[in-house]
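Visitor: Predicted model and sequence follow; I will ask about them next.
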Number of protein chains: 2
Amino acid sequence: MLLFKNVTTLFGENLYVAVDGAFIKSVSHERPAGEFEREIDCAGKLMLPGFYNTHTHAAMTLFRGYGEDLPLQRWLTERIFPAEEKLTAKAVYDASMLAIAEMISGGTVAFTDMYMFPEETARAVAETGIKANLCRPIISFDPSESIKDSPRMAEAIALFKEWHNACGGRIKIDMSLHAEYTNTERSCREVAECAKELGTGMHIHLSETKTEHQECKARRGGCTPARFMYDCGVLDVPTTAAHCVWLEDDDLPLLREKGVTVAHNPVSNLKLGSGVMPYRKYRDAGINVALGTDGAASNNTLDIQKEMYVAALIHKGVNLAPDSVTAADVIESATVCGARAQGRLDCGKISEGYRADLILIDATTINNIPSYDPAYTTVYSANRSDVCLTMVDGKILYENGEFLTLDIEKVKAEMRYTCEHYFD
Amino acid sequence: MLLFKNVTTLFGENLYVAVDGAFIKSVSHERPAGEFEREIDCAGKLMLPGFYNTHTHAAMTLFRGYGEDLPLQRWLTERIFPAEEKLTAKAVYDASMLAIAEMISGGTVAFTDMYMFPEETARAVAETGIKANLCRPIISFDPSESIKDSPRMAEAIALFKEWHNACGGRIKIDMSLHAEYTNTERSCREVAECAKELGTGMHIHLSETKTEHQECKARRGGCTPARFMYDCGVLDVPTTAAHCVWLEDDDLPLLREKGVTVAHNPVSNLKLGSGVMPYRKYRDAGINVALGTDGAASNNTLDIQKEMYVAALIHKGVNLAPDSVTAADVIESATVCGARAQGRLDCGKISEGYRADLILIDATTINNIPSYDPAYTTVYSANRSDVCLTMVDGKILYENGEFLTLDIEKVKAEMRYTCEHYFD
């Protein structure tokens, strides 16, 4: 057993948090009974549940800063798609390891990933101790094609069979449709069927850009991407829909009815010029809104603190309403809403019986003094470099600049070598 | 003399940068002749001109995180104004020292400050080696009052006499009108006259909120705050106008004609719900647009990297145009445009004969790998913790986590003590 003492959380001070195996055994003002192998003094620090990154493409750290300040279509066709043509299993593994190191050291305990060579990302997750929901996205442009017996679908199912609930449940495998505009009605229905048969979740891109949203309506007789996915049965399984910048009012009850999580990616949506998702409106509609970074090619970091910060700022600024979103709102999105999105109902809170996915933030750094309120410090002044401990399932993965489950110099060196030779 | 070698700047690689006294002696591909007391290897690092924070209230680090998520009027009347009633010289000094430490360690080499007890901030600037343009803001609500012989004006002039061009020009003193809505036509004309007589610059808040802008027009027969200041002669001296969120098209030629710098404070404008300043439009109108953090009470950090990041993101996102602002644009705003705002025409560039105000950013940290382009890394993936060296006038103030001109533990301890007892 391990004991955190002098703990400050968002909800209390001078607490003891005892961890037994993978779980939080107690949160109390009185010192709990029992022997502890280690006691960690948390004076001057803030304890939060670890962050959830509910939409990323981890291996796109390969393309961090590679195509910038371009319109979306030029960014995709001139930079990203040609670069992705060269993907290899090793590049995906190296880039996933770097991405995971970045996430762990920034307080992220779990991520939801959609990308090619997902078995390589799974391997990196297994080795490093972070949690992840992974998927192999399906794309199908031919209306006559049945995706059921395609090699892509076979890959997706093989991934599920090999990795779903691996590492004591740390890894989960979802089904995935890349998006409405990259699929046919048939492929959507078939992938939805498959997810139902396997009893797993779904990860999709939804109404990211205005163009994509409007073209769907033009193509499908006024039907929005959300309505289309709903009609195809895609939302019948637990679904995380990334972006959702351009949902219409009539879409919101559909998402709420199906318990769909919206993965809000404010930085990527701004950087690619996709727009500003109406965060407050979706939350007020009863939708579970989590946060995501998207890939490092459109962000350019995998830093949920930045997403909280930008989310809190932009919705105040664009609505001319500083009280329209609070620090507590975005922390909730980054933690328990993210855990819910991943189907991890025993995660995302510092409460007895929950999994010990905990982080410590140093509130005594220059940029955090004074700290009048833990939530304000976390959202408005802390940086990723203030994260001083990350624990997943009771295991410390990162502490005071040191990684305990990976060799960071090796990870960086492999990645630098891979990137230097990537376009040879 | 000091030699930086293996230097990567925004414009070249494998450079030598030689520093002699306060100035850059040479920038070259060949190793320069001469003896060097020290050689600094910059492999893996990016060299930039230091950042300029052209609008802040440094001592408001006192109120970092103190009043959050509130509408502007409640924030001011319930939190900030009552808190400022308790200001003391010591509190301003302690808070200025912390602010300066935060700025130096984040790569800021100069700031423009408007606040009470400016002589305390001047003392902190003198001791620490950073550059600053300081002022004592004038407020006058009584139309019959002549500000000329007021104690406030006497303070402003005494500040000028004691500190203008002190420390080899590191410190400059400007005149200041707090804003249109906190002054009369008479006080504006008188302060403008005074600035002309002293031959110095001006620092004002201008059209920060829609309400303030509209109320000015209602009060002054349709005259905008910019037109009003122009008519009062305020803009006849080199002026930095902070915020400018709500300027009208007819205001832009006035600012351009007078060479006014707009200090763009994107984070503060978002956080207080003031809105989104049209950055591209002002630049296209030929206006010098620099960056500022505003005070830590409305930000909550003094971090120009965050301002560059948020500026680049938000103007892309709100205009649905990812090519509407580039990384190079915001770096220019943060460096040479800021130097111009402060009347420091030999600062803000890495060129022979310019002052040696230089910073190094570590491009080998987890969040900066890979680094395909120095500008993209600087704006989109680097954090304040990646700054590993800050030099002002050829003197290193900060290197690899160590401050060379201040005792950071003492600064933090004094500030913590002051904040803990501030509201007693």
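Guide: All right, it came through fine. Numbering: from 1, shown residues only, chains lettered A, B, ... in the order given.
Visitor: Could you pull out the helices in the stretch 201-350 of chain A for me?
Guide: All helices of the stretch 201-350 of chain A, identified by DSSP state H, counting those that start in this stretch, fall at A:210-219, A:225-231, A:251-258, A:266-271, A:279-284, A:304-318, A:327-334, A:336-341.
Visitor: Quick one: closest of these to residue A:26.
Guide: helix A:336-341 (19.4 Å; C-beta to C-beta). All C-beta atoms are positioned from the backbone trio N, CA, C, and that covers glycine.
Visitor: Tell me which helix or strand comes right after the closest one.
Guide: Toward the C-terminus, helix A:336-341 is succeeded by strand A:358-362 as the next helix or strand (DSSP states H and E).
Visitor: Can you give the strand pairings for that following strand, parallel or anti for each?
Guide: Note on strand A:358-362: by DSSP bridges, its sheet partners are strand A:45-49 (antiparallel), strand A:387-392 (antiparallel).
Visitor: what's in contact with the very next helix or strand once past the first one?
Guide: Proceeding C-terminally, strand A:45-49 gives way to strand A:51-56 as the next helix or strand, assigned by DSSP H and E. Where contact means C-beta atoms under 8 Å, 6 or more residues apart in numbering or on different chains, the residues beyond strand A:51-56 that reach it are A:99, A:103, A:106-114, A:203, A:240, A:242-243, A:261, A:263, A:265, A:290-295, A:302, A:304-305, A:334-335, A:337-339, A:341-342, A:348, A:359.
Visitor: Could you tell me how far strand A:51-56 lies from the centre of the chain?
Guide: Chain-centre distance of strand A:51-56: 1 Å, with C-alpha atoms, centre = their mean, to the nearest Å.
Visitor: same question, stretch A:290-305
Guide: 8 Å.
Visitor: And that stretch, what's buried?
Guide: Within stretch A:290-305, the residues scored as buried using 16 or more other C-beta atoms under 10 Å in any protein chain shown are A:290-305.
Visitor: got the end-to-end distance for it?
Guide: 13 Å (C-alpha to C-alpha, to the nearest Å).
Visitor: again, but for stretch A:231-245
Guide: Rule used - C-alpha to C-alpha; the end-to-end distance of stretch A:231-245 is 20 Å.
Visitor: name the helices or strands packed onto the helix ranked longest in chain A?
Guide: Ranked by residue count, the top helix of chain A under DSSP state H comes out as helix A:89-105. Here helix A:89-105 touches helix A:118-128, strand A:387-392, strand A:395-399, strand A:402-403, helix A:408-422, going by 3 or more C-beta pairs under 8 Å, 6 or more residues apart in numbering or on different chains; DSSP states H and E.
Visitor: and residue A:340, what does it touch?
Guide: Applying C-beta under 8 Å, 6+ apart, the residues near residue A:340 are A:261, A:288, A:290, A:348.
Visitor: thought residue A:378 was touching residue A:304?
Guide: No: applying C-beta atoms under 8 Å, one finds residue A:378 not in contact with residue A:304, separated by 10.6 Å.
Visitor: what's the helix or strand of chain A with the lowest mean pLDDT in contact with?
Guide: The weakest-scoring helix or strand in chain A, judged by mean pLDDT, DSSP states H and E, is helix A:72-74 (a mean of 81). Here helix A:72-74 makes contact (C-beta under 8 Å, 6+ apart) with A:209, A:272-274, B:322.
Visitor: Relative to residue A:407, which of those residues is nearest.
Guide: residue A:272 (33.8 Å).
Visitor: Looking at the closest one now. What's its pLDDT?
Guide: Looking at residue A:272, its pLDDT is 94.
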